[in-house]
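Trainee: Structure of the sequence below:
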Amino acid sequence: QPVLDFMTKQLNIKGAINANYSLRDADRMILEKHLKYLRVSVKHQAQKRQYRVEKLTSKTASQISFDVEGKKMSIGQYFKQQYNYTLKYPHLPCIWVSPKEKNQCQSQDVKAFCDVMIKVGRDNGMQISQPCYVKYLRENEIQSVCEEIKAKAGGNPIDLVYCILPRNSSSCYPKIKHVFENQNAISTQCMEMRNLKPPKPQTIGNILQKINTKIGGVNNIAADMIQIPIFSKPCIVMGADNAHPAQGEGSRPSISALVGSMDKFACRYATQIGIQKTDGKKVHSPVIESMGAMAKNMLIKFYQSVRTKPQRIIMYRDGISEGQFYHVMMYEVDAIKKACAELEKGYAPAITYVVCQKRHHTRLFVQNPRDGDRSGNVPAGTVVDQGVTSTTDFDFYLNSHQGIQGTNKPAKYHVLVDENKFPADMIYKLTYHLCHVYARCTRSVSIPAPTYYAHLATDRARAHLTNAKYSGCFDSSDGASSVGTGGGRPRQGMGPTVEDILKDISPSEITKNKMYWI
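Mentor: Numbering: from 1, shown residues only. Next up, the predicted model:
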């Protein structure tokens with residue numbers, strides 16, 4: 001609807017509006033109230049652009065002038081000179097829109113950001129050069145720009161594509177990840193434009209931690225971890241999680257993820273994504289039904305990376321409640337054992353299966369304030385394994401992180417299977433050390449890194465599903481809710497199978513070996 005028609009309707013103007021028509025201040029204020037925060041598009045430019053209305057000017061277009069290259073020019077003169085356009089209604093006020101610089105990326109801003117990133121990287125031992133390709137694009141150009149980048153690389157491997165996104169880029173982000181990671185095995189790092197200027201070394205340092213991890217680097221190692229007797233034999237540390245659709249998402253698939261360590265320090269991880277069948281019920285199964293296949297692939301990747309078979313498997317499982325413990329444990333531990341037997345007859349590594357929980361109401365406090373940390377919490381590394389724990393089961397609380405503000409929530413751990421017969425102190429120490437190798441942070445975190453990574457992997461798979469070609473094939477009604485960790489019940493006649501969906505949302509084999517979700 002043209003703004004002129006909108007004005008006529010809101011102000012109840014009778015008759016035609018001619019070139020000499022003007023508004024009273026009272027009418028201008030009424031119109032401003034109705035127009036404020038609406039979006040308007042302009043037609044005098046080659047590209048159609050939208051802006052948000054902030055206010056109306058108190059002066060008319062014929063009264064407003066500004067400097068252009070040192071010369072005073074009215075709005076009418078500017079439009080005539082710049083666009084060969086004569087204003088039809090010079091006595092009406094102008095619309096003041098929000099400045100487009102908020103979502104506009106200037107080349108000098110990009111260069112300044114890159115200069116700071118190169119300096120911060122050099123200070124931290126990373127050799128970073130200026131970008132070899134810079135392109136300004138719209139959301140509908142992502143696929144074509146990806147092909148353009150590949151052509152410019154000329155068959156050489158592409159380390160990373162850095163994407164600067166506007167605010168509220170919820171639709172752009174999953175499309176970038178799907179096109180580059182899933183379809184073309186290219187790592188990406190996205191950043192909101194508000195972090196572009198001014199470039200802050202601390203922010204850039206945090207981003208570089210993610211970049212270094214995505215391209216195969218290791219940010220930090222818990223030096224004492226290799227001395228833990230658990231690692232005296234080849235050992236793979238795994239983390240597993242599943243994510244169910246939220247209420248209202250109907251038969252949209254739930255997704256499961258399994259991550260596994262690929263080095264002796266348990267710092268680098270590979271990923272397997274899984275979905276499972278559904279029977280159309282509203283209750284989501286806590287079991288990862290594809291655990292066997294995912295664990296089998298993970299053990300193969302470990303052997304390819306380390307050149308030896310793991311003799312110990314340590315699993316940190318997230319996403320299940322106490323009432324589901326033994327049902328989930330029996331199924332998944334049995335699936336892992338069967339996967340090992342399929343790889344080689346007689347191959348049966350010892351399994352330790354630990355459930356990690358954060359959804360509880362227990363808090364730990366120091367009796368003497370002098371024993372607490374700076375925020376008054378119990379010190380990082382505090383373990384409680386009696387008094388508030390089970391008298392029959394092996395469970396404990398571990399406060400692994402230092403509190404910054406408020407009262408810490410310790411993680412609760414349940415050791416459901418321990419075929420390795422580890423001493424309790426050894427499991428405490430391993431769990432605490434794994435909280436120090438989280439690649440996004442230079443401090444210890446509240447749960448072990450593999451558990452965090454599995455959660456991030458499920459989030460990324462959900463983002464891939466948002467932009468997958470089958471994303472519109474699921475019933476949005478709650479009556480068709482899916483069961484389990486990834487499989488949704490497609491609408492009648494739409495046709496995609498569970499295997500089709502999994503293939504569409506899973507990253508390429510090259511990407512699976514990277515920590516692309518970090």
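Trainee: end-to-end on stretch 402-413?
Mentor: 18 Å (CA to CA, to the nearest Å).
Trainee: What of stretch 408-426?
Mentor: End-to-end distance of stretch 408-426 (CA to CA): 23 Å.
Trainee: Equivalent analysis for stretch 246-266, please.
Mentor: 32 Å.
Trainee: same deal with stretch 155-165?
Mentor: Length of stretch 155-165, first residue to last, CA to CA: 27 Å.
Trainee: Let me know how buried Asp115 is, in neighbour terms.
Mentor: By other CB atoms under 10 Å, 12 other residues sit near Asp115. Backbone N, C-alpha and C define where each C-beta goes, glycine included.
Trainee: Please report how far the nearest residue to Ser107 once chain neighbours are set aside lies from Arg49.
Mentor: Spatial nearest neighbour of Ser107, chain neighbours left out: Val134 (7.4 Å); criterion: CB to CB, 6 or more residues apart in numbering. Counting by CB to CB, to the nearest Å, the separation of Val134 from Arg49 is 21 Å.
Trainee: go on, Thr57?
Mentor: 19 Å.
Trainee: Equivalent analysis for Thr451, please.
Mentor: Where Arg49 is concerned, Thr451 sits at a distance of 45 Å (CB to CB).
Trainee: Asp459 now?
Mentor: Asp459 sits 33 Å away from Arg49, going by CB to CB.
Trainee: who has more neighbours, those two?
Mentor: Using other CB under 10 Å, the more surrounded residue of Asp459 and Arg49 is Asp459, with 15 against 12.
Trainee: Now do the helix or strand encompassing the more buried one: distance to the chain's middle.
Mentor: Assigned by DSSP states H and E, Asp459 belongs to helix 449-466. In terms of CA atoms, centre = their mean, to the nearest Å, the centre of helix 449-466 is set 8 Å apart from its chain centre.
Trainee: residue ranges for the strands of the stretch 401-518 of the chain, please.
Mentor: With DSSP state E, counting those that start in this stretch, the ranges of strands along the stretch 401-518 of the chain come out as 411-418.
Trainee: where are the low-confidence patches of it?
Mentor: Scanning the stretch 401-518 of the chain with the threshold set as pLDDT under 70 gives 468-496.
Trainee: and if we set it to 90?
Mentor: For the stretch 401-518 of the chain, the stretches with pLDDT under 90 are 402-406, 441-443, 461-514.
Trainee: Does the spatially closest residue to Asn408 that is not a sequence neighbour belong to a helix, a strand or coil?
Mentor: Nearest residue to Asn408 in three dimensions, chain neighbours excluded: Asn377, at 4.5 Å (CB to CB, 6+ apart). Secondary structure, DSSP: H, G, I helix; E, B strand; the rest coil: Asn377 is coil.
Trainee: Can you report how many residues neighbour Ala243?
Mentor: Residues lying near Ala243 (other CB under 10 Å) number 21.
Trainee: Kindly report the same for Leu398.
Mentor: Other residues close to Leu398 by other CB under 10 Å number 25.
Trainee: Which residues are in contact with it?
Mentor: Contact partners of Leu398, counting by CB atoms under 8 Å, 6 or more residues apart in numbering, are 381-383, 410-411, 413, 428, 431-432, 435.
Trainee: Also Ser261?
Mentor: Ser261 makes contacts with 236-238, 267-269, 302, 450, as judged by CB under 8 Å, 6+ apart.
Trainee: from the residues you listed, which is closest to Leu160?
Mentor: Nearest to Leu160 among these, counting by CB to CB, is Arg268 at 16.9 Å.
Trainee: Now do the buried residues in stretch 425-445.
Mentor: 427-439, 441, 444-445 (16 or more other CB atoms under 10 Å).
Trainee: from the middle of its chain, how far away would the host helix or strand of Phe113 be?
Mentor: Secondary structure assigned from DSSP H and E places Phe113 in helix 107-123. From the chain centre to the centre of helix 107-123 is a distance of 24 Å (CA atoms, centre = their mean).
Trainee: thinking again about what came up before, could you tell me how many residues sit around the residue nearest to Ser107?
Mentor: 12.
Trainee: Torsion angles phi and psi at it?
Mentor: Reported as degrees, to the nearest 10, the phi and psi values for Val134 are phi -130, psi 130.
Trainee: and stretch 393-412, which residues are buried?
Mentor: 394-403, 408-412.
Trainee: quick check, nearest of those to Tyr316?
Mentor: For the buried residues of stretch 393-412, the residue nearest Tyr316 by CB to CB is Ala411; the value is 10.2 Å.
Trainee: for the closest one, what are its contacts?
Mentor: 356-358, 397-400, 446-447.
Trainee: So which of those belong to strands?
Mentor: 356-357, 397-399 (DSSP state E).
Trainee: if we can go back for a sec, next, format the contacts of Leu398 as a markdown table and append distance to Val179.
Mentor: Output for the contacts of Leu398, formatted as a markdown table (distance: CB to CB, whole Å):
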| residue | distance to Val179 |
| --- | --- |
| Gly381 | 43 |
| Thr382 | 46 |
| Val383 | 45 |
| Pro410 | 41 |
| Ala411 | 36 |
| Tyr413 | 39 |
| Tyr428 | 44 |
| Thr431 | 38 |
| Tyr432 | 40 |
| Cys435 | 34 |
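Trainee: Excluding chain neighbours, what is closest to Gly381?
Mentor: Gly381's closest residue in space is Tyr432 (CB to CB, 6+ apart), at 5.7 Å.
Trainee: Would you mind confirming that the one you found is in contact with His401?
Mentor: No. Contact between Tyr432 and His401 fails when scored by CB atoms under 8 Å: they sit 10.1 Å apart.
Trainee: And stretch 91-98, how far out from the chain middle?
Mentor: Distance, centroid of stretch 91-98 to centroid of chain: 40 Å (CA atoms, centre = their mean).
Trainee: circling back to that earlier point, just confirm the residue nearest to Asn408 contacts Asn399, I think it does.
Mentor: Yes. Counting by CB under 8 Å, Asn377 does reach Asn399; the two are 7.1 Å apart.
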